[in-house]
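Visitor: build the 3D model from these lines:
(one chain, ligands or ions: 2)
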Amino acid sequence: MAYKLDRALSKGAQDFIDAEKLHSLLSTSKEDSVHIKEIFAKSAEKNPLTLEEVAALLSIKSEEGTAELFETAKTLKKKIYGNRIVLFAPLYIGNMCINDCAYCGFKKSAKSTIRKTLTAEEIRQEVKALQDEGQKRLILVFGESPLYSPDFIAASVREVYSVHSGNGAIRRVNINAAPMDVAGYKIIKAEGIGTYQIFQETYHRQTYSKYHPANTVKGDFMWRLDGLDRAFEAGIDDMGIGALIGLYDWRFEVLGLVSHAIHLKQKFGVGPHTISFPRIQPATDMNLELPYTCSDSDFRKLVAILRLAVPYTGMIMTARESPQIRNEVIHLGVSQIDAGTHLEIGGYNNKTHNQQLEREQFQVGDTRGLEEASKWLIDEGFIPSFCTSCYRAGRTGEHFMEFAEKGFIQKFCTPNALLTLAEYLQDYASEDTRQAGMKLITKELENIEEGAWKEKIKDNLRKINLGERDLRL
Ligand code: SAM
Ligand code: SF4
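Guide: Numbers count the residues shown, from 1 in each chain. Ligands and ions are numbered 1, 2, ... in the order given. Got it, this is the predicted structure:
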């Protein structure tokens, strides 16, 4: 029987955003340096923060308070993740859309948008191009359309996993698509996806109504807010949340994101795997006055505060941001970035022209290729990681493992990141990047305790040198 979306399911869904409380917290919190130091001390021990504590951090205005906030976020990030940065690329499959989100280049009323949906063959060609650059992790992105049914999305995932170009393989496919019903999610889950990501866009209802017309599917705030609860009910326990920063007061959105994380953890025992905080970028046919901009200095605070609020959650900073901002903010708690990003549908095989907004959802800020981005990370002392070990070993909620087991990061995550970096360097990097990367690997090895485990890691590195691939601990 053909699949039909059952939207009645969001009736009775739980509205866990208490806007009155969030506004009141924001208006009553004052910068109290003693209390803020206590909160820093609590988060330094990797404890998630309460909404009240997050609101207290959001009140920080002083220079000293801000400097200490950044320092605490940096230290916590290092403590939790080491110096790995996970790399991925988005693959836009189609931009047909029945919705009319005012900020988006794919909205149905956008007249200049060139519409396209990749065929199965085109998906394979795109994946081949991505693999030939060294990508191992993708997020597939879709507009919302009856064309992009769960069966269609599932078939797209299958196509991606089927491609093997040279030593290449896509080892993890995440999804950013419209919220589904439980039956739909089950179809997609069966293909072995990683994270299912849904951005709430804004947690402020009135603002949500302003940018998402009521007569569209996306206009239903609760259908979206309940989207990941339904995903969990369908067996997807790896979820990504996000807010489109710039629609409403960024501080309210931070509290909204933290409320969402707390809700998922309380209801299902699993918090979100990732949080995204995309800032609005120019898009085709976007004629918007946005009264709530989030300045670069506010953005730094936003990232640092989220880092402290939800230590168990990966933080994604996308290529919407410029290289300058990414250079700075990456130190404040980010654990994943996309690199070598092309939003144009079919763009990985067609890199000859500059960005053309009518072919893309929005303007990309960081247009560096994967090679350049990897070199940048290495130069900054980060390990570019293509690791997918936890997911493939059936350890869902990879970040959960990192926290749940003492020493897990030192024992597994850092060495696995090094092994995937070594593969990348052998197969795809320029000589310059390869040299810099090998130096970094040698340096990182020095931090690993002598013994059988270290010998195993070194042995795996030797095997990679000799051509073996996909070695993991
Ligand atoms: N169509 C699906 C949906 O709306 O759930 C998939 C998401 S859409 C293709 C990916 C995300 O891009 C949106 O959730 C939104 O947060 C973000 N986005 C849309 N327009 C944007 C813009 N102008 N600048 C930055 N991000 C934007
Ligand atoms: Fe469509 Fe998603 Fe863009 Fe909204 S954000 S117009 S639903 S593609």
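
Visitor: show me what the residue sitting nearest the centre point of the chain is bridged to.
Guide: Centrality entry for the chain: nearest residue to the mean C-alpha point is residue 316, 3.8 Å, by Cα atoms, centre = their mean. On the basis of DSSP bridges, residue 316 takes part in beta bridges with residue 276, residue 336.

Visitor: residues in contact with it?
Guide: By Cβ atoms under 8 Å, 6 or more residues apart in numbering, the contact set of residue 316 is 240, 242, 274, 275, 276, 277, 334, 335, 336, 337, 338. C-beta here means a position set from N, CA and C on the backbone, and glycine is covered the same way.

Visitor: ditto for residue 208
Guide: Going by Cβ under 8 Å, 6+ apart, residue 208 touches 201, 202, 221.

Visitor: the regular element (helix or strand) spanning it and ligand 1 in contact?
Guide: For residue 208, the host element (DSSP states H and E) is helix 205-211. No: with Cβ under 6 Å from any ligand atom as the criterion, ligand 1 is not reached by helix 205-211; the gap is at least 9.9 Å.

Visitor: name the next helix or strand downstream of that helix, please.
Guide: Following helix 205-211 in sequence, per DSSP H and E, is helix 221-225.

Visitor: which other helices and strands contact the helix or strand just after that following helix?
Guide: Next in sequence after helix 221-225, counting helices and strands by DSSP H and E, comes helix 227-233. Contact partners of helix 227-233 among helices and strands, from 3 or more Cβ pairs under 8 Å, 6 or more residues apart in numbering; DSSP states H and E: helix 182-189, strand 196-201, strand 239-243, helix 250-268.

Visitor: what's the most buried one of these?
Guide: Comparing these by mean neighbour count (mean count of other Cβ atoms under 10 Å), strand 239-243 ranks first with a mean of 24.

Visitor: now do that strand and strand 196-201, the angle between them.
Guide: Put simply, strand 239-243 runs at 20 degrees to strand 196-201, going by axes from the mean of the first three to the mean of the last three Cα atoms, to 10 degrees.

Visitor: what residues does strand 239-243 touch?
Guide: Residues contacting strand 239-243 (Cβ under 8 Å, 6+ apart): 174, 176, 195-203, 228, 231-232, 253, 256-257, 260-261, 264, 270, 272-278, 316.

Visitor: over to stretch 20-27?
Guide: With Cβ under 8 Å, 6+ apart as the test, stretch 20-27 has contacts from 51, 52, 55, 58, 203, 249, 251, 252, 255, 256, 259.

Visitor: and for stretch 367-376?
Guide: Stretch 367-376 has contacts (Cβ under 8 Å, 6+ apart) with 87, 89, 133-135, 319, 323, 327, 337, 339-341, 355, 366, 384, 424, 428-430, 432-433, 436-437.

Visitor: one more time with 10 Å, if that's ok
Guide: Contacting residues not belonging to stretch 367-376 are listed as 85, 87, 89, 130, 133-135, 319, 322-323, 326-327, 330, 337-342, 351, 354-355, 366, 382, 384, 386, 421, 424-425, 428-430, 432-434, 436-437 [Cβ atoms under 10 Å, 6 or more residues apart in numbering].

Visitor: returning to that earlier point: how far does the helix holding residue 208 sit from the chain's center?
Guide: Distance, stretch centre to chain centre, for helix 205-211: 24 Å (Cα atoms, centre = their mean, to the nearest Å).

Visitor: before we move on, the earlier item: just the buried residues from the contacts of stretch 367-376, in PyMOL please.
Guide: Per 16 or more other Cβ atoms under 10 Å, the buried members of the contacts of stretch 367-376 correspond to this PyMOL selection:
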select buried, resi 85+87+89+130+133+134+135+319+326+330+337+338+339+340+341+342+366+382+384+386+421+424+425+428+429+433+434+436+437
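
Visitor: find the nearest non-adjacent residue to residue 164, please.
Guide: Nearest residue to residue 164, sequence neighbours excluded (Cβ to Cβ, 6 or more residues apart in numbering): residue 131, at 7.6 Å.

Visitor: give me the helices and strands touching the one helix or strand that neighbour maps to, please.
Guide: For residue 131, the host element (DSSP H and E) is helix 120-133. The contact analysis (3 or more Cβ pairs under 10 Å, 6 or more residues apart in numbering; DSSP states H and E) places helix 120-133 against strand 84-94, strand 137-142, helix 150-162, helix 370-379, helix 414-427.

Visitor: now these in a markdown table, with mean pLDDT and distance to residue 62?
Guide: Formatted as a markdown table, the helices and strands packed on helix 120-133 follow (pLDDT from 0 to 100; distance: least, Cβ to Cβ, whole Å):
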| stretch | mean pLDDT | distance to residue 62 |
| --- | --- | --- |
| strand 84-94 | 97 | 30 |
| strand 137-142 | 98 | 38 |
| helix 150-162 | 98 | 48 |
| helix 370-379 | 98 | 32 |
| helix 414-427 | 96 | 36 |
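
Visitor: okay, those in TSV with distance to ligand 1 next?
Guide: Shown next, in TSV, are the helices and strands packed on helix 120-133 (distance: least, Cβ to the nearest ligand atom, whole Å):
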stretch	distance to ligand 1
strand 84-94	7
strand 137-142	5
helix 150-162	11
helix 370-379	19
helix 414-427	26
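
Visitor: does residue 126 really touch residue 345, like I thought?
Guide: Yes: shown here, residue 126 and residue 345 form a contact pair, counting by Cβ atoms under 10 Å, at 8.8 Å.

Visitor: could you name every residue contacting both of these two?
Guide: Common contact partners of residue 126 and residue 345 (Cβ under 10 Å, 6+ apart): 91, 92, 93, 118.

Visitor: what residues does this protein put near ligand 2?
Guide: 97, 99, 101, 104, 106, 107, 143, 144, 218.

Visitor: once you drop chain neighbours, what's closest to the one residue in the stretch 201-350 of the chain that gets nearest to ligand 2?
Guide: Nearest residue of the stretch 201-350 of the chain to ligand 2, counting by Cβ to the nearest ligand atom: residue 218, 4.9 Å away. Excluding the flanking residues, the one nearest residue 218 by Cβ to Cβ, 6+ apart is residue 99, at 4.1 Å.

Visitor: now do the contacts for residue 204.
Guide: The contact partners of residue 204, by Cβ under 10 Å, 6+ apart, come to 17, 19, 22-23, 210, 221, 243, 247-249, 252-253, 256, 292.

Visitor: and for residue 459?
Guide: Applying Cβ under 10 Å, 6+ apart, we find residue 459 in contact with residue 471.

Visitor: and it, how close does it get to residue 453?
Guide: When distance is defined by Cβ to Cβ, to the nearest Å, residue 459 is 11 Å away from residue 453.

Visitor: now residue 282, nearest residue through space, not along the chain?
Guide: In space, and not counting its chain neighbours, residue 282 is closest to residue 363: 4.7 Å by Cβ to Cβ, 6+ apart.

Visitor: that neighbour contacts residue 344, doesn't it?
Guide: No: with contact defined as Cβ under 10 Å, residue 363 does not reach residue 344; the gap is 11.6 Å.

Visitor: quick one: common contacting residues for those two?
Guide: In contact with both residue 363 and residue 344: 355, 357, using Cβ under 10 Å, 6+ apart.

Visitor: so those two - more neighbours on which side?
Guide: Applying other Cβ atoms under 10 Å to residue 363 and residue 344 shows that residue 344 carries more neighbours, namely 22 against 16.

Visitor: in what helix or strand does that one lie?
Guide: Residue 344 belongs to no helix or strand, assigned by DSSP H and E.

Visitor: nearest spatial neighbour of it, skipping sequence neighbours?
Guide: Nearest residue to residue 344 in three dimensions, chain neighbours excluded: residue 359, at 4.4 Å (Cβ to Cβ, 6+ apart).
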